[in-house]
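# fold the following for me, if possible:
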Amino acid sequence: MKIHSVFALALGLVALPAAAQMAEPAAAPTATPAAAAVAAPQIKGGEMVWSADGRRIGRVDRVRGSAVAVVSDMQMVYIPIATLTVSERGLVSSLSRKEISRL
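This is a model prediction of the structure:
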């Protein structure tokens, strides 16, 4: 009797994820990381970063996920890549220097 209960429980646990997959509606395709990388500006270490108000922030130390690490006022600041655009001077953030200092 115990064997049948264990077998039924195991069968139920195996069937549960399959039933959940069938019950979920088909999700709309989302942007893949590769597509997001193409949309983001190509950023290299050493590029100068400027604020929206035209003030120099610092040079890109490294790129980490969705942010760039910049040494500004002797501390590491992580600026979201989504706020950066490429210009002839370097990278320009849509954030002001004051907003960047709060990151």
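# in the protein, where is pLDDT below threshold?
Within the chain, the ranges that satisfy pLDDT under 70 run 1-41.
# packing partners of the lengthiest strand in it?
Longest strand in the chain by number of residues (criterion: DSSP state E): strand 56-64. Under the contact definition 3 or more Cβ pairs under 8 Å, 6 or more residues apart in numbering; DSSP states H and E, strand 56-64 sits against strand 48-50, strand 67-72, strand 75-80. The way it works is simple: take the backbone N, C-alpha and C, and place the C-beta from them, glycine included.
# how far away is the closest residue to residue 82 other than its chain neighbours from residue 78?
Nearest residue to residue 82 in three dimensions, chain neighbours excluded: residue 66, at 7.0 Å (Cβ to Cβ, 6 or more residues apart in numbering). According to Cβ to Cβ, to the nearest Å, residue 66 stands 9 Å off from residue 78.
# settle it for me: which of the two has more neighbours?
Taking neighbours as other Cβ atoms under 10 Å, residue 66 and residue 78 compare with residue 78 leading, 15 against 11.
# so who does that one touch?
Residue 78 sits next to 64, 67-70, 103 when contact means Cβ atoms under 8 Å, 6 or more residues apart in numbering.
# in the sheet, who's paired with it?
residue 69 (DSSP bridges).
# what does residue 58 give?
Going by DSSP bridges, residue 58 forms beta bridges with residue 49.
# in this structure it contacts residue 72, no?
Yes - when contacts are counted by Cβ atoms under 8 Å, residue 58 is listed as touching residue 72 (4.5 Å).
# ends of stretch 80-91, what's the gap?
12 Å (Cα to Cα, to the nearest Å).
# so residue 79 touches residue 70, yeah?
Yes - between residue 79 and residue 70 there is a contact at 5.9 Å, judged by Cβ under 8 Å.
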